[in-house]
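Chemist: The following block contains a protein sequence and its predicted model.
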There are 4 protein chains.
Amino acid sequence: MEANTQIIDLQSLASGDILQLKTYHFQGKNGTKKAYIQANLHGAEIVGNAVIYELIEFFSNLNIEQIEGEIILVPMCNPVGANQRNLFFSTGRYSPYDGLNWNRIFWDYIHESPDLDTFVKFNINLSKEEIYHNYLTNIINNFSHKIKEINNSRSLPFSEHLRNVLQSLSLNANYVIDIHSSSVSAIDYIYSFDRRQKSTDYFLLEYAILMNKYDGNAFDEAFLNPWLVLEKKLNHEGRNITFDVEAWTLELGSGMRVKEESVKKGVRGIINYLTYKNILKLELIKPQNKTKFVLKNNLKHYYAPQGGIIRNRLQAGAKIQQGDTLYQLLTFEKKERKPTIIDIQSADQGIIYDVSTNDTVNQGEYILGIFPHV
Amino acid sequence: MEANTQIIDLQSLASGDILQLKTYHFQGKNGTKKAYIQANLHGAEIVGNAVIYELIEFFSNLNIEQIEGEIILVPMCNPVGANQRNLFFSTGRYSPYDGLNWNRIFWDYIHESPDLDTFVKFNINLSKEEIYHNYLTNIINNFSHKIKEINNSRSLPFSEHLRNVLQSLSLNANYVIDIHSSSVSAIDYIYSFDRRQKSTDYFLLEYAILMNKYDGNAFDEAFLNPWLVLEKKLNHEGRNITFDVEAWTLELGSGMRVKEESVKKGVRGIINYLTYKNILKLELIKPQNKTKFVLKNNLKHYYAPQGGIIRNRLQAGAKIQQGDTLYQLLTFEKKERKPTIIDIQSADQGIIYDVSTNDTVNQGEYILGIFPHV
Amino acid sequence: MEANTQIIDLQSLASGDILQLKTYHFQGKNGTKKAYIQANLHGAEIVGNAVIYELIEFFSNLNIEQIEGEIILVPMCNPVGANQRNLFFSTGRYSPYDGLNWNRIFWDYIHESPDLDTFVKFNINLSKEEIYHNYLTNIINNFSHKIKEINNSRSLPFSEHLRNVLQSLSLNANYVIDIHSSSVSAIDYIYSFDRRQKSTDYFLLEYAILMNKYDGNAFDEAFLNPWLVLEKKLNHEGRNITFDVEAWTLELGSGMRVKEESVKKGVRGIINYLTYKNILKLELIKPQNKTKFVLKNNLKHYYAPQGGIIRNRLQAGAKIQQGDTLYQLLTFEKKERKPTIIDIQSADQGIIYDVSTNDTVNQGEYILGIFPHV
Amino acid sequence: MEANTQIIDLQSLASGDILQLKTYHFQGKNGTKKAYIQANLHGAEIVGNAVIYELIEFFSNLNIEQIEGEIILVPMCNPVGANQRNLFFSTGRYSPYDGLNWNRIFWDYIHESPDLDTFVKFNINLSKEEIYHNYLTNIINNFSHKIKEINNSRSLPFSEHLRNVLQSLSLNANYVIDIHSSSVSAIDYIYSFDRRQKSTDYFLLEYAILMNKYDGNAFDEAFLNPWLVLEKKLNHEGRNITFDVEAWTLELGSGMRVKEESVKKGVRGIINYLTYKNILKLELIKPQNKTKFVLKNNLKHYYAPQGGIIRNRLQAGAKIQQGDTLYQLLTFEKKERKPTIIDIQSADQGIIYDVSTNDTVNQGEYILGIFPHV
């Protein structure tokens, strides 16, 4: 079957040119569920575009009965970030205009302070499907209202406009998948949420970070948080419901590089997950191993204790014990008689999951991250 | 009298050079109050350095009886921001390392979730001075503990280190003044807080923005918020106390420019405020006019509805009625037969308080801000 | 009469969007001369776009008899430069890819080492028109050949591609006008070439810089230099010919700002120049005053002798005597007891023609420029 | 033996901090020859700092008889470049102030248009040593004169100041070695000059690029060119002299990374070269293989024919035949029905010597370089 495509004007530039989004829609014959997949929200994180290319190829070879519901794919979902350069570096992690992290711009219904108590009171005895429908209607109406009230003269910041476009496409989805890469150099992993752990295994990745601490305004969190909050409230009132909505951020490989192995893992994981969710009618791969979870607030980050040049740093994926030398720092402090090498030992036991791109550091620059105790 | 000075190593660079802070301390013969004044937290906002220069000159000509307590001045409080360039532009508004707004990095005791109920229970019947002392001790201890627990191997991000250094100097002050400028082009104004409005007039500025909505982690807010929260709690328990702590952000003039009139206004206002607070034993200027307050959440911001070139924009300070043409947008959209001029009308009545630096805009870039109804 | 327009695909971006040029052609009923006018080659220098807008409006109101020959206008001639931002600053003076100054990328026929001795030998006795035609043919053929030999696999750097597109439009023109602004803040002036001084007056500007020293690869120079070299060779052989080709760079106002007075001066000057050259059949304004010439290699540039904050700087247009205080430098050097103000005196007598945008400087940053002895 | 060190104030910053150079001098007991070695002129090219660290360690363990003459080492020779960041990228390839390539800022005596004909006339019959001495005196005097005539008020651009400092240290050396890395990702190689090929082998590297085409103002070229020009003139007058001056640029590994193998190759090569030149009294390694030379103007560069994502690119060091697929370009052009993969075939036979850092490209960005026919 063939994708329907849609072109959306996204940003009119000073030069009079227009940056656009192109979306690819695969609509199955039956089914009402919707999966939404985007890539390259941060400028350097390009692997997901190749994953989406492979998915479009793959879906194009399916017949219309093999898809139930709708799959929307948006590669290059942030052209401003993707096209931005400083020298040959992809520096589009933050909006050049307001410094906002492109993945902290999203709208979370909960921030509108909706009266959930009243909602729960009126919906507590309805079916799961009815509650889903009523709540989704509230979210969509509230969001639409915000967009309608944009004043033509005042207009709005680009980061808010981008958010509006991407969330208009995805707020009513059941499953959203946002494909990132480490901005630096990393192993492949996935971000997962509380009450959604069990689906994680079907992505067939070794590691997951569990978002156990609210961070705010990321694409996945802004989508799922309103549902998690409602579930909690309902639970508190004695209704234990898990709605059929899930959000995922895949972290595939490293910034500015397309590692084909990461592409393959991403494609395999997404197809298997959509099969598990019955959007694809294909043979499910039963996970052999359970994904290992690391709590978000347990991650250990290392920063340069002083400026210098990093040598002999351990690589992403390395298992380390407390006291192991993680890297050497060659420093050129003027007061020292000679350049000096300092050994930096690990304060943690675990696995190095990412390491920085640049072996030169000023004091306080990021060096590496550790998944402890896995 | 002469200032005592202190030099603090702030950041060791890759090259082995070290960026330092230099602090200037004027210690009066008597008195225990402390005022802390810093400038140039954002790279382009340089006017405050000239203000501090003039204050140092002024204080140096006072005798030791004319100062009661201590005044600490920190010009160039963020050398990373001040020295940063892209071409000849001062682009140091956000940390180059993590994209953080340099004025959203600060530590707020409330974020540590202290048990204020217990604190209030044990302190409710003490004197204002005792409560102040006990609470300040808690804040300082908590902050010191965070600094002590920094792991040598993990170290910490530079933005956190800068925060630690600046807050170590200021957390125990009574009055903190953070001198900013508009990063773009603006009139002079001041940020004020709830329950502290009455001191505002003594800065002798025409306009103030009232921080009626918690924003978070700015220098002034991180300093004052713990006290505001405590005052509220005490009030709730029947004790109506206003502690002798205040925080101010001055916005003097425009980015990258030292307008001498803004320097004069800043110097005059700060000296008068410190006189009002009895740190300086000088003649007080009684404000002729009350400062006009605008609520933070009432500010109106205008963004480019499409890309193009701005022409005939009204300037900062202009009074406008609804429907007035604020600016013209000359656009070069390729689908139009010819370049086109669009008139943008104001949706608001009030005063333009800032306008952007750059007359070229991509869609969604900032154009100007309005104080409505003043 | 109405412009014919042409759209040219210029750069395909990572996101799949395409930056385009739009050119506006006014073709008179008679005449064969051609004028080419472009604007905004450097990102911050936007005034010329407004000039071209006004020219398009103006030419659209002429009838076809009032134009003899062809006028081509290219606003936003470098969309990469115009759209580029760091924060809200237009930093597009150098290519982000290779650091090249966007106005030093152009192709100069002379750099191909053509055998001009042989050309002169064979053409020395032909008419001016025949020599013009033969030489232009050589230039165009050589340029076309370079473009044809571009290898599809190797392709070419974007700066070279942009050059090819802009010079394809302009190499066979008689008059090229490249509208710049000062990247900093400046008075209005024009760049003129040897053997072309007399036309300068018709632009009705007070000052001109005479390009008496070959700099290389700027748009105006790359266009005119081959003709200047040929004229010299012919002159040496006894033929004193001035070909009907001229090149001009207008410097209108300041970077990132559209000063309407500069727009008016630009429009007036270009219309008058084209009238003088008989491309427009309008009434010529006879210049009341001769344009004052400054030799390029006589310009005096001032740079910061140390880091600090500039105060009380004289503005562009100020007349100065040797010894006048040009600006004060407020420095914060750590070894000094207090911040210090240094007065910087002029080593020159003349007129300040530009001053930098930023009042903060690291050592060696640009401060201002002087036209000496005018 | 121990190094003498010297600290040179290089740049006073806006903040009042000062960037400094630290130079390390090893002075042998005897000998008059001088070798000068610097590293990290371009911000991302850090490997040379590690090489210099290892050399300092190595020389420190020699005794004073093992060095004849003087060796000067300058790690971190451009702190502005080394410390500069955009996000975590080392973007210091061009001066942030004037866009100049940090390795095109140097002073070449020949550009002063010295009267070499007269020099040759008066020196033609002197000994090689006398001519060397007289010419060097001219160079040094001319350079000193330029520095002396710097006007205090006008001061000078930072790039010129950096040049003055580095060339003051090196102009009277016999051998200068400038340690670079590829700014992208590359094999190790060396730049060599005409009439100096035979020394190249002693660096023990597989490949050299021969600077057969004058490029201008690079550190190595600015040092050596005056001598090459003089040698040519003398040769023309019948004296065939090769002065004992040589200049080298080592390209070790990739930008932002310290590959320890490249460090080892650099250290080994420099020690062996200095041994060959009798500055070190150590055992010489006779090169087993001759270094393969590629002419500078034969290098083949590949640029992106359109925007997109690079996949399956061949790596630096790969041998390729004409027609081999170098890389795939995944493009997202909006007019195409689906994202498309284009295979890019090599137009050349040879070895890939460098590949770009970033797998996302806008049209015209650099992809890779080929040494043809080696």
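Modeler: Okay, I see it.
Chemist: and A:Gln288, how many residues sit next to it?
Modeler: Neighbour count for A:Gln288, taken as other C-beta atoms under 10 Å in any protein chain shown: 7. The C-beta positions use only the backbone N, C-alpha and C, and glycine is treated the same way.
Chemist: swap in the one 3 residues further on?
Modeler: By other C-beta under 10 Å, the residues close to A:Thr291 number 20.
Chemist: ok, it touching A:Ala208?
Modeler: Yes. A:Thr291 lies in contact with A:Ala208 (C-beta atoms under 8 Å); the separation is 4.7 Å.
Chemist: Pull up the overlap in contacts between those two.
Modeler: A:Ile190, A:Ser192, A:Thr200 (C-beta atoms under 8 Å, 6 or more residues apart in numbering or on different chains).
Chemist: Among those, which one sits closest to chain D?
Modeler: Checking those against chain D by C-beta to the nearest C-beta gives A:Ile190 as the nearest, at 21.7 Å.
Chemist: Which residues does the helix or strand harbouring that closest one contact?
Modeler: Following DSSP states H and E, one finds A:Ile190 within strand A:189-192. The contact list for strand A:189-192 (C-beta under 8 Å, 6+ apart) reads A:200, A:203, A:205-211, A:220, A:248-251, A:269, A:291, A:293, A:353.
Chemist: could you say what helices and strands the following helix or strand past it packs with?
Modeler: Going down the chain from strand A:189-192, the next helix or strand is helix A:197-200, by DSSP H and E. With contacts defined as 3 or more C-beta pairs under 8 Å, 6 or more residues apart in numbering or on different chains; DSSP states H and E, helix A:197-200 has these neighbours: strand A:207-210.
Chemist: Could I get the CA-only coordinates of the strand it packs on as CSV?
Modeler: The C-alpha trace of strand A:207-210 is given here as CSV (Å, rounded to 0.1, in the frame of the first residue of the first chain):
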residue,chain,number,x,y,z
TYR,A,207,18.3,-0.7,28.4
ALA,A,208,15.5,1.6,29.4
ILE,A,209,15.5,4.8,31.5
LEU,A,210,12.3,5.0,33.6
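Chemist: any residues touching that strand, and which ones?
Modeler: Looking at what lies outside strand A:207-210 - C-beta under 8 Å, 6+ apart - the contacts are A:187-194, A:197, A:200, A:291-296, A:299, A:351, A:353, A:371, A:374.
Chemist: filter these to the buried ones?
Modeler: A:187-193, A:200, A:291, A:293-294, A:299, A:351, A:353, A:371 (16 or more other C-beta atoms under 10 Å in any protein chain shown).
Chemist: farthest pair in the residues you listed?
Modeler: A:Phe193 and A:Ile351 (21.8 Å; C-beta to C-beta).
Chemist: mind listing what the residue in the stretch 101-250 of chain A that chain B sits nearest to touches?
Modeler: Chain B sits closest to A:Phe158 of the stretch 101-250 of chain A, with a gap of 2.6 Å, by C-beta to the nearest C-beta. Residues in contact with A:Phe158 (C-beta under 8 Å, 6+ apart) are A:Gln11, A:Val80, A:Ser95, A:Tyr97, B:Tyr303, B:Asn362, B:Gln363, B:Gly364, B:Glu365.
Chemist: Give the burial count for the fifth one, as a bare number.
Modeler: Looking back up the chat, that one is B:Tyr303. B:Tyr303 is flanked by 22 other residues according to other C-beta under 10 Å.
Chemist: And for the last one?
Modeler: When counting by other C-beta under 10 Å, one arrives at 22 neighbours for B:Glu365.
Chemist: contacting residues for it?
Modeler: A:Tyr97, A:Phe158, B:Tyr303, B:Ala304, B:Ser356, B:Asn358, C:Arg85, C:Phe88.
Chemist: For chain A, give me the ranges with low pLDDT.
Modeler: In the prediction, chain A carries no residues with pLDDT under 70.
Chemist: distance of the residue nearest the centre of it from A:His180?
Modeler: Centroid-nearest residue in chain A: A:Thr249, 3.0 Å away (criterion: C-alpha atoms, centre = their mean). To A:His180, A:Thr249 is 6 Å away according to C-beta to C-beta, to the nearest Å.
Chemist: Same check on A:Leu162?
Modeler: Per C-beta to C-beta, A:Leu162 is found 16 Å from A:His180.
Chemist: do A:Ile18 as well
Modeler: 26 Å.
Chemist: Same drill for these two, tell me which one is more crowded.
Modeler: Neighbour count, other C-beta under 10 Å: between A:Ile18 and A:His180, A:His180 has more, with 26 against 23.
Chemist: So which of the contacts of B:Glu365 are in helices?
Modeler: Using DSSP state H, the subset of these located in helices is A:Phe158.
Chemist: Name the member of the contacts of B:Glu365 with the shortest distance to chain D.
Modeler: C:Arg85 (12.7 Å).
Chemist: burial of the residue in the stretch 101-250 of chain A positioned nearest to chain D, as a residue count?
Modeler: Chain D sits closest to A:Val184 of the stretch 101-250 of chain A, with a gap of 7.1 Å, by C-beta to the nearest C-beta. A:Val184: 20 surrounding residues under other C-beta under 10 Å.
Chemist: Contacts only, for it.
Modeler: By C-beta under 8 Å, 6+ apart, the contact list for A:Val184 reads A:Ser254, A:Gly255, A:Asp354, A:Val355, A:Ser356, A:Thr357, A:Tyr366, D:Phe88.
Chemist: Check A:Ile110 too.
Modeler: Counting by C-beta under 8 Å, 6+ apart, A:Ile110 touches A:Asn225, A:Pro226, A:Val229.
Chemist: who's in contact with A:Thr325?
Modeler: By C-beta under 8 Å, 6+ apart, the neighbours of A:Thr325 are A:Asn312, A:Asp343, A:Ile344, A:Gln345, A:Ser346.
Chemist: Now narrow those residues to whatever sits close to chain B.
Modeler: Applying C-beta under 8 Å from any C-beta of the partner chain, the subset of the contacts of A:Thr325 adjacent to chain B comprises A:Ile344, A:Gln345, A:Ser346.
Chemist: dump the residue contacts of the last one.
Modeler: Contact criterion C-beta under 8 Å, 6+ apart gives A:Ile320, A:Gln321, A:Gln322, A:Gly323, A:Asp324, A:Thr325, A:Leu326, A:Ile370, B:Ser153 as the residues in contact with A:Ser346.
Chemist: what number of residues lie near the closest residue to chain B within the stretch 201-350 of chain A?
Modeler: Taking C-beta to the nearest C-beta as the measure, the stretch 201-350 of chain A has A:Phe332 as its residue closest to chain B, at 3.2 Å. When neighbours are defined as other C-beta under 10 Å, A:Phe332 has 27 of them.
Chemist: Quick check: closest non-adjacent residue to it.
Modeler: Nearest non-adjacent residue to A:Phe332, counting by C-beta to C-beta, 6 or more residues apart in numbering or on different chains: B:Gly16, 3.2 Å away.
Chemist: Skipping adjacent residues, who's closest to A:Asn83 in space?
Modeler: Closest residue to A:Asn83 apart from its sequence neighbours, by C-beta to C-beta, 6+ apart: C:Leu13 at 4.6 Å.
Chemist: from what I can see the one you found touches D:Thr360, true?
Modeler: No. The criterion here is C-beta under 8 Å, and C:Leu13 misses it with D:Thr360 at 9.7 Å.
Chemist: more crowded one of these two?
Modeler: Between C:Leu13 and D:Thr360, D:Thr360 has the larger neighbour count (other C-beta under 10 Å), namely 33 against 24.
Chemist: from memory the more buried one sits against C:Gly16, does it?
Modeler: No. D:Thr360 is beyond contact range of C:Gly16, at 11.5 Å (criterion: C-beta under 8 Å).
Chemist: Spit out the residues that contact the two alike.
Modeler: What both D:Thr360 and C:Gly16 touch, as defined by C-beta under 8 Å, 6+ apart, is the set D:Gly308.
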